[in-house]
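What follows is a predicted structure for the sequence shown.
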Amino acid sequence: MARPLPKLLLIINPEGTLVRTKYQEVMTLKETSSTKCMEKRPNIEEFLRFLFIRNKLFFKVGVWTSLSISETEAISRETFSSFEKSLLFKYASPNQNEPRDLQRAWHNFPEFSQANTIYIDTTDTSLIQKDNILAFPPFQQDECLKYFPDYLKFFSFNYQRKKNANLLDFMKRINFKDFFRERSMPEAKEPKGESSRFW
């Protein structure tokens with residue numbers, strides 16, 4: 001019998017993964033929209049709908065940046081638009097020398113743990129729990145956000161068939177950058193059958 005799908009926590013550093021900003025302009029963002037200083041990654045709208053509409057029962061999304069509190073509020077507002085109100089939390093860690101500890105999120109939201117949490121960034125950050133980092137390719141005009149849902153679908157397919165103990169186990173076995181690279185090849189085919197129907 002297939003296992004029920006677990007709830008997952010996705011913690012995202014938007015800068016460099018979902019958007020690219022002109023840093024000096026972000027510093028002066030006001031409450032009004034200022035999209036001229038921000039470039040969004042292709043397919044971001046579908047990516048957000050996948051997380052916040054189609055699968056809102058399975059995913060919780062938080063933001064954790066290396067910016068100040070006010071800058072974090074600004075980049076969250078511009079990145080997530082109407083979905084900003086659905087964010088579980090917004091953490092700011094402007095001190096680059098201070099390591100980020102996911103225990104902060106797990107303490108505040110005990111339904112999540114190392115086994116069901118992803119921290120999305122483009123670099124090996126100062127995060128203490130290195131195994132939870134899911135590294136995106138650096139920002140460019142690519143289809144990274146198009147294929148990330150497929151990566152999660154592949155996890156759900158394997159999890160329900162008990163091929164992975166949990167999300168962390170899956171991430172260790174299947175690197176997202178490799179998955180994205182293979183799916184981006186011209187000869188790659190869209191998933192068919194059962195694995196295409198999950199999520």
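Everything's here; your move. Numbers count the residues shown, from 1 in each chain.

Packing partners of the longest helix belonging to the chain?
Secondary structure of the chain read by DSSP state H shows that its longest helix is helix 144-160. On a contact count with 3 or more CB pairs under 8 Å, 6 or more residues apart in numbering; DSSP states H and E, helix 144-160 meets helix 44-49, helix 167-173, helix 176-183. All C-beta atoms are positioned from the backbone trio N, CA, C, and that covers glycine.

Now do that helix against helix 176-183, angle only.
With axes from the mean of the first three to the mean of the last three CA atoms, to 10 degrees as the basis, helix 144-160 and helix 176-183 are set at 110 degrees to each other.

Tell me how far residue 60 lies from residue 76.
Distance, residue 60 to residue 76, using CB to CB, to the nearest Å: 15 Å.

what's the answer for residue 126, then?
Taking CB to CB, one finds residue 126 at 20 Å from residue 76.

what about the two, which has more around it?
residue 76 (20 against 14; other CB atoms under 10 Å).

in what helix or strand does that one lie?
According to DSSP states H and E, residue 76 maps onto helix 69-80.

so where's the protein uncertain?
Regions of the chain meeting the criterion pLDDT under 70 cover residues 1-2, 22-36, 186-199.

any residues touching the longest strand seen in the chain, and which ones?
Assignment by DSSP state E gives strand 59-65 as the longest strand of the chain. Residues from elsewhere that reach strand 59-65 (CB atoms under 8 Å, 6 or more residues apart in numbering): 7-15, 51-52, 71-72, 75-76, 80, 86-93, 100, 105, 109, 112, 119.

and those residues, which are buried?
8-15, 51-52, 71-72, 75-76, 80, 87-88, 90-93, 100, 105, 112, 119 (16 or more other CB atoms under 10 Å).

Go through those residues and flag which are in strands.
8-12, 90-92, 119.

Dump the helices and strands packed on helix 144-160 to TSV, plus distance to residue 134 and mean neighbour count.
Formatted as TSV, the helices and strands packed on helix 144-160 follow (distance: least, CB to CB, whole Å; neighbours: other CB atoms under 10 Å):
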stretch	distance to residue 134	mean neighbour count
helix 44-49	14	16
helix 167-173	6	16
helix 176-183	5	15
